[in-house]
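K.L.:
from the sequence below, what's the structure:
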Amino acid sequence: MPELTIQAVGRNRLIQLVFIAALFFALNLSAFPSPPSQITQAGKIALSEPLTVRWQYNSDLTINLTPATAGERIYLPLAAGTIVSLRSTDGQMFWKTEIGGEVSASPVADDRAVYIASETIFPPSREIRATGALRALGREGGVTLWMRTFHRPLKGSLVANSTTLFGGTSDGRVFAVEKATGRFLWVMQHWQPFNSNPSLYGSVLYIGCDDGNLFALNKTTGQTLWRYRTRGAVRGRAVEVDGVVYFGSADGYVYALNAADGRLRWRTRTGAGVQVVAEGGGGLLIASLDNFVYKLSLLRGDRLWKRQLAGRVASEPLLATDGALFTPLSGDAGVVLDLRDGKQLNTLPVGEDNNTAASPVAAGDVLLVTTRRGLMAFSRPDTSTQSRQKE
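P.N.:
Coordinates of the predicted model:
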C-alpha cells in the first residue's frame, strides 16, 4: 500500500510539472513570433465580408502612386509635391506638407518618418542640374529631417527594411540609403532606366529594369549576384517562395527562376504584358494587361483558373486569407476574387471611372482605395462610424 501511494504522488507531481511547463510556454509564446507571411496584407479585414465607406478624403490631386502606412498613420502623395498625413480611424488630418516638384515614386514609412522621392522639372538649359531628391519627413509634423539629391529621380516605388531605403533611378542606378541620416551606402550603376517596384527577401534585393533585366543584388554591398534578361520591361515586384523567384515582364510571360543562381525553371505566357505577380492561396496570382487575372501553380506554372475583369490591372492586389482585392482601371468598383477558384466574392463601389493605378492598402481595420477624386476608407459595418467627408 505505501508503494502505491508513492507512485500516485509521483504521477501527480509529473502532471503538475507538465501543466507548469505548458503555462510557461503559453505565456511566453509572443517571444517567438511567427514568420511573416505574404498573405496578411489586409490586416484585420476579411475581404469577403460586407464593407462600407467609413470616411473619405476628397481631393482632385491624387496621383498613380500608392500611399504609405505605418500604424494609424496614412501618408497620401498628391500632385505638386504635396504629402498629407491622415489618421486611419476617421480620416482626420495630422498635417500637410508641400515639398515642391512632383512625387516620383510610391513612398514608404515607419514609426519615425515617411520617406518621399521627388522630381523637379527645370526649363531646358545647358546647365546640368540634379532633378531628383529623397526626403525623410518627421512623423509628427511633416518637417524635413534630412534630404539628399540625385542626378535623376527615383522611380516606381521605394522599399525599406529597418535601417535602409532602396530604389532605382531613371538614369539607370540603384541606391541604398541609410534611413536615419540619408547617407548613401552604395550605388549600382547600370545603363537603362529603373521604373519598378523592388522587393527584399533575406539578404537579396530584387529590382526590374526597363531593358528587361531582373537583378538580384546583395542588399548590403549592392553587388550583382545574378541577372536574368527578358524581352520586355520588368516593372512589377518579384516574389520569392521556397527558393524560387517569380516575376512578370512586358513581353507577356511569367518567369520562375532559381533564387540561388537565376536559372530558368519555367515560364508561362499570358495574353499581354505582366506587371503584377503575387503569392496567395498556394499559387501565383497574375494580373495581365489583357484584362484577366490568372492563378498559376508554383511548381510548373500550370493555369489553375482565369477570370476576366472590367479593365486592365496595373496595381498590386490587397491580399487576405479569404480573397484578393483588385482595382481595374476601368469600371466603377474594386473586385474581390476567391483565391481558391477566382469567383467574385465582393465588390467595393468607388464611383464611375474612378480607379487609379495606385494599389489598395490596409491600415488597422480600414481598407484604403485611392481614386481620381480622393481616398476612400472601407471597413466592416459593425466597426464603422458615421461616414465623414474630409476636405
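K.L.:
CA atoms of stretch 190-209 as CSV?
P.N.:
In CSV, the C-alpha atoms belonging to stretch 190-209 read as follows (Å, rounded to 0.1, in the frame of the first residue of the first chain):
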residue,chain,number,x,y,z
HIS,A,190,23.5,50.3,-65.0
TRP,A,191,22.8,51.9,-68.3
GLN,A,192,19.0,51.7,-68.6
PRO,A,193,16.2,53.2,-66.5
PHE,A,194,14.7,51.6,-63.5
ASN,A,195,11.0,52.2,-63.0
SER,A,196,9.9,49.3,-61.0
ASN,A,197,8.7,48.0,-57.6
PRO,A,198,11.8,46.4,-55.8
SER,A,199,11.4,43.7,-53.2
LEU,A,200,13.6,42.4,-50.3
TYR,A,201,14.0,38.7,-49.4
GLY,A,202,16.6,37.9,-46.8
SER,A,203,19.9,39.3,-48.0
VAL,A,204,18.8,39.9,-51.6
LEU,A,205,17.2,43.0,-53.3
TYR,A,206,15.3,42.2,-56.5
ILE,A,207,14.7,45.0,-58.9
GLY,A,208,13.5,45.1,-62.5
CYS,A,209,14.8,47.3,-65.3
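K.L.:
name the helix or strand of the chain that has the lowest mean pLDDT.
P.N.:
helix 2-27 (a mean of 41; mean pLDDT, DSSP states H and E).
K.L.:
for the helix or strand just after that one, packing partners?
P.N.:
Next helix or strand after helix 2-27 toward the C-terminus (DSSP states H and E): strand 52-58. Other helices and strands packing on strand 52-58, by 3 or more Cβ pairs under 8 Å, 6 or more residues apart in numbering; DSSP states H and E, are strand 374-379, strand 388-390. The C-beta positions use only the backbone N, C-alpha and C, and glycine is treated the same way.
K.L.:
gap between R380 and V350?
P.N.:
Distance, R380 to V350, using Cβ to Cβ, to the nearest Å: 18 Å.
K.L.:
who's more crowded, these two?
P.N.:
V350 (24 against 17; other Cβ atoms under 10 Å).
K.L.:
gap between stretch 317-332 and the chain center?
P.N.:
Offset of stretch 317-332 from its chain centre (Cα atoms, centre = their mean, to the nearest Å): 13 Å.
K.L.:
mind listing the strands for the stretch 251-391 of the chain?
P.N.:
Ranges of strands in the stretch 251-391 of the chain, per DSSP state E, counting those that start in this stretch, are 253-258, 264-269, 274-280, 283-288, 292-296, 303-308, 318-320, 323-326, 333-337, 344-349, 361-363, 366-371, 374-379, 388-390.
K.L.:
who's in contact with the fifth one?
P.N.:
To tie it back to what came earlier, the one meant is strand 292-296. 254, 268, 270-271, 281, 283-288, 302-309, 313, 326, 337, 339, 342 (Cβ atoms under 8 Å, 6 or more residues apart in numbering).
K.L.:
write a ChimeraX command that selects only the buried members of those.
P.N.:
With 16 or more other Cβ atoms under 10 Å as the criterion, this ChimeraX line picks the buried residues out of those:
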select :254,268,270,281,283,284,285,286,287,288,304,305,306,307,309,313,326,337,339,342
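K.L.:
would you agree L319 is in contact with L284?
P.N.:
No. With contact defined as Cβ atoms under 8 Å, L319 does not reach L284; the gap is 12.0 Å.
K.L.:
now do the shared contacts for these two.
P.N.:
A278.
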